[in-house]
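Enquirer: dropping a prediction and its sequence here:
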Amino acid sequence: MNLQRGFFKAGIILSLAFAGLYYWGTTTITIDPSNKYALYEKLDQNKLTQGDLIFVTKPGFWGEIAQAFSPKDQRYSHIGLLSKSQDGEWTVINADGNPIDPKGSVREEHLKNFLALATRAGVYELKLDEITLEKVIAKARYYVSQGYEFNSQFKLGQDHAFYCTELIWVVIRDVTSQDIVPQKRMHWGYEYIGIDDLTINPLTHETIQIKLP
């Protein structure tokens, strides 16, 4: 099992290296930690709608993988589903992990936390009616409640686990019985849902794009 994980991680690093996105010992992202919520403060929340998709670019190992695997649109490294908590605060349902804790989780977190350290964000409306969007949010919350983990293997159909784009694809498929990415690309012999499969999609439309200088 450890040997298999070693080959998997080696494959990830090689993919990132070929994409020009991963460099040992260097970093090109500079964010003032005292103002890690700068993008959140810049976002006009009055323009948000429950059920919107929110894409972000932020530092992180898994995010660099997502960008490397999305050759048609490498602006973003992560995605979540916008909703509101019972007290009216904006939240984001998303699947995320990190190399130190590869389990990660499918979780619902405050929008401010989701945007922490982000340098760019894009909001896309889902072209679904209000009732269907409510069902999509409810389905995503179901996976949160069931303790789904982060799918660090990036293989569709892993038991009780999703990666970020897979979560969005699954909840829309579950609710609408529609596969919004009918033609999937392959990585290491497995089908994969890329971030660009959702930014460049007939069912989505960009409504907001913001970035830091």
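Expert: Now that the structure is in, tell me what you want to look at.

Enquirer: use CA for all of it now, contacts and neighbours both
Expert: Will do.

Enquirer: now the helices: where do they sit in the protein?
Expert: 2-19, 38-42, 61-68, 111-114, 130-145, 164-176, 196-199 (DSSP state H).

Enquirer: need these in TSV with mean pLDDT, mean neighbour count and distance to residue 210, can you?
Expert: Converted to TSV, the helices of the chain look like this (pLDDT from 0 to 100; neighbours: other Cα atoms under 10 Å; distance: least, Cα to Cα, whole Å):
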stretch	mean pLDDT	mean neighbour count	distance to residue 210
helix 2-19	44	13	24
helix 38-42	95	17	8
helix 61-68	78	22	18
helix 111-114	96	18	15
helix 130-145	98	17	24
helix 164-176	98	20	21
helix 196-199	98	22	15
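
Enquirer: partners of the spatially most central residue of the chain in the sheet?
Expert: Closest residue to the average C-alpha location of the chain: residue 79 at 2.5 Å, with Cα atoms, centre = their mean. Beta bridges link residue 79 to residue 55, judged by DSSP bridges.

Enquirer: residue 208 now?
Expert: residue 123.

Enquirer: burial of it, as a residue count?
Expert: 15 (other Cα atoms under 10 Å).

Enquirer: could you check the pLDDT of it?
Expert: Predicted confidence (pLDDT) for residue 208: 97.
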